[in-house]
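Engineer: could you look at this predicted model? Sequence included:
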Amino acid sequence: MMNLVLRRLVLFIPMWIAVSVLSFVIVHATPGDPAASFVGQDAGAASLDVAHRRLGLDRPYMEQLYHWVAGSLTGDLGQSYFLGRSVATAILERLPVTFSLGMLALLVGAVVGIPLGTVAALSPNSWKDASTIGVSLTFLSVPEFVVGMLLIYVLGVELRWFPIGRYAPLSDGVGLWLHHLALPALALGLSQSALIARMTRASLLQVLGADYIRTARAKGLPEKIVIGRHAFRNAIITIVTVIGLSLALLLSGAFITEALFQLPGIGSLGVSAVLRRDYPVIQGLLLVSSSFILIVNILVDIVYGLLNPTISDR
Amino acid sequence: MASTVRTVFKTSGRSFRRRHLNVLLLGGGSLFIVILATLILLPSFLPLNPNALDYAEILTGPSEAHRLGTDALGRDLLARVVYGGHNSLLIGVSVMAVTAVAGTVIGLCAGTTPWLDGPLMRIMDVMMAFPALLLALAILAALGNTAFNVVLALSLVYIPRTARIVRGEALVLSKMPYVEAAEALGASRLRILLLHILPGAIPALVVQETFLFAYAILGEAGLSFVGLGLQPPNPSWGNILGEARASFQQASWLVIYPGMALALTVLSLNLLGDGLGQFIDPKRRAR
């Protein structure tokens, strides 16, 4: 077990440096002048020069790259062009919003997805199964912003049940927080629920075909215990993995959902940074979000190893 | 006796499953063909102009003159959804073609050349560590948002996913006896790659690219929705919805019709992908 953890951690460092380098390379691939977005379209050559020096863009490419990677190791992600603060501060300030939204969406996904998938797997090839597949495929096919707009229209504008375009932090009380986040979390969570339902169904079906399930049934255990204790506990390994891996998808969805619902999270920070060409913020967000995904992947591996010790022998 | 019972059960189970898979395949396929035919044929039956402004008809609901209503500039929504569909599908097809070619080349190289496998796949891993949409957004922010760059950005995002699948297939296939036989007979590497390994990887590739078509359409819609994909007035399903953000609270049709076109197209492709997957490998369940 320790071995597995160590090996994953050792692999993490070169991956992280590669991700950091790539974040820099993508943003600096711009054929234009990054400083142009900083000083404005019709700035003269003199003010561009000043901006170059201030932003460190006059130094050689490799030196800038080294400066970025070394800085990012110590948590220094540079200064935003427009926000008047460091990129790290801007991201940290907005992290709780995205975290709240992501967790609630995941909750929606699990609460809808796991029962759906279980019902389908317990009666394969029945009408229940077919309708579950239909429902989950539909959820997968409607983009979160279309779901979001429909929710805003029906529940926010027509019925006025939910506030739109505002956010309440958890410190204002759980009720208020939930009230403001319910619609975006639902919009973002439905496609998650589809993924989770499909995976729950597939892994439960696989487990239910195993010999030890037949043994459990043969020795007369009640179906409740066969499913709950024997089958589900093993199927949950795959489900946890999928939930972990789907966090990347969740993060992508959060960008659009936050932009639509005007939530002050890192998603809307990213969208406005991209629209304003605030390159340091884009670069910082690339690094932070990919580091998050790398870490989640490691955690998934470790949890997988804990739940299923035979994996760590490999 | 027991074995007969099991055989009967098995065959009946399989035949049921096969009917089941045909429903997915036929349903998805025919839905997609209907959508495609509508998008292609409608302009020759109706005079549709996606950019004609009609200031007398701003944000009016579906009517005789504008069957799906009009948007905030008085443009005909039906025309915009139809021509937006052309653009969305065109971008989807282009991304599919680019990822199929690039992903196959990378996957085949990695899967059959041990010294290339590690480096190539680590690069793919690093690219896959970025959230898809953010990576595409960042590439567009750097390169500028033209239709060409939208295809480029989405392709870069999805190439690793294709390469992984093809590599997996190539790894298995290159160990097959018939490939070893071809090697023993002195067939060239290129011949083995193109004639013996590539054909075996194509079924998995076709399934993957069907899903990828759907992801690419969704991806373009997401990028255009936040204003970084195809630029208005050139319509795409994503930017029609994005432009509707300001006015959909008074005009629900601006969300419902383009949203439905987008969702039905993606649904048809998802069904088709599932159906193809089961058609090729009946033992595989719906993922």
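Structural biologist: Received it, and whenever you're ready, just let me know what you need. Residues are numbered from 1 along each chain as shown, chains lettered A, B, ... in the order given.
Engineer: so where's the stretch 151-287 of chain B uncertain?
Structural biologist: B:282-287 (pLDDT under 70).
Engineer: I meant chain A, not that one.
Structural biologist: Using pLDDT under 70, the flagged stretches of chain A are A:1, A:41-43, A:308-314.
Engineer: ok, B:T70 - contacts?
Structural biologist: Listed by Cβ atoms under 8 Å, 6 or more residues apart in numbering or on different chains, the contact set of B:T70 reads B:D54, B:E57, B:I58, B:L59, B:T60, B:D76, B:L77. All C-beta atoms are positioned from the backbone trio N, CA, C, and that covers glycine.
Engineer: among those residues, which lie within helices?
Structural biologist: Counted as lying in helices by DSSP state H, out of those, are B:L77.
Engineer: scan the contacts of B:T70 and report the most crowded one.
Structural biologist: Ranked by neighbour count (other Cβ atoms under 10 Å in any protein chain shown), the contacts of B:T70 have B:L77 at the top, with 27 neighbours.
Engineer: for that one, which non-adjacent residue is closest in space?
Structural biologist: Nearest residue to B:L77, sequence neighbours excluded (Cβ to Cβ, 6 or more residues apart in numbering or on different chains): B:L68, at 4.1 Å.
Engineer: for chain B, see how far away the residue nearest to the spatial centre of chain A is.
Structural biologist: Per Cα atoms, centre = their mean, the C-alpha nearest to the average position across chain A is that of A:L251, at 2.7 Å. Separation of A:L251 from chain B (Cβ to the nearest Cβ, to the nearest Å) stands at 4 Å.
Engineer: so B:F211 makes contact with B:N270?
Structural biologist: Yes - applying Cβ atoms under 8 Å, one finds B:F211 in contact with B:N270, separated by 7.0 Å.
Engineer: can you pull the contacts of A:L181?
Structural biologist: Going by Cβ under 8 Å, 6+ apart, the list of residues near A:L181 reads A:S100, A:L101, A:L104, A:Y167, A:L263.
Engineer: and the second one, what helix or strand is that in?
Structural biologist: Here A:L101 is covered by helix A:87-122, with elements defined by DSSP states H and E.
Engineer: give the contact list for the residue nearest to B:L77.
Structural biologist: By Cβ under 8 Å, 6+ apart, the neighbours of B:L68 are B:P62, B:D76, B:L77, B:L78, B:V81, B:W253, B:Y257.
Engineer: how close does B:G107 get to chain A?
Structural biologist: Taking Cβ to the nearest Cβ, one finds B:G107 at 20 Å from chain A.
Engineer: picking that back up, for the contacts of A:L181, work out which two are farthest apart.
Structural biologist: A:L104 and A:Y167 (12.4 Å; Cβ to Cβ).
Engineer: and residue 131, how many residues sit next to it?
Structural biologist: As the question left the chain open, I've gone with chain A. Using other Cβ under 10 Å: A:S131 sits among 13 other residues.
Engineer: ah, no, chain B please
Structural biologist: Count around B:P131 with other Cβ under 10 Å applied: 27.
Engineer: you'd agree it is up against A:V288?
Structural biologist: No - under the criterion of Cβ under 8 Å, B:P131 is not in contact with A:V288, lying 10.5 Å apart.
Engineer: A:F24 contacts A:A70, correct?
Structural biologist: No - in this structure, A:F24 is not within contact of A:A70 by Cβ under 8 Å, at 11.5 Å.
Engineer: neighbour count for these two, which is higher?
Structural biologist: Legend: neighbour count by other Cβ under 10 Å for A:F24 and A:A70, higher for A:F24 (21 against 11).
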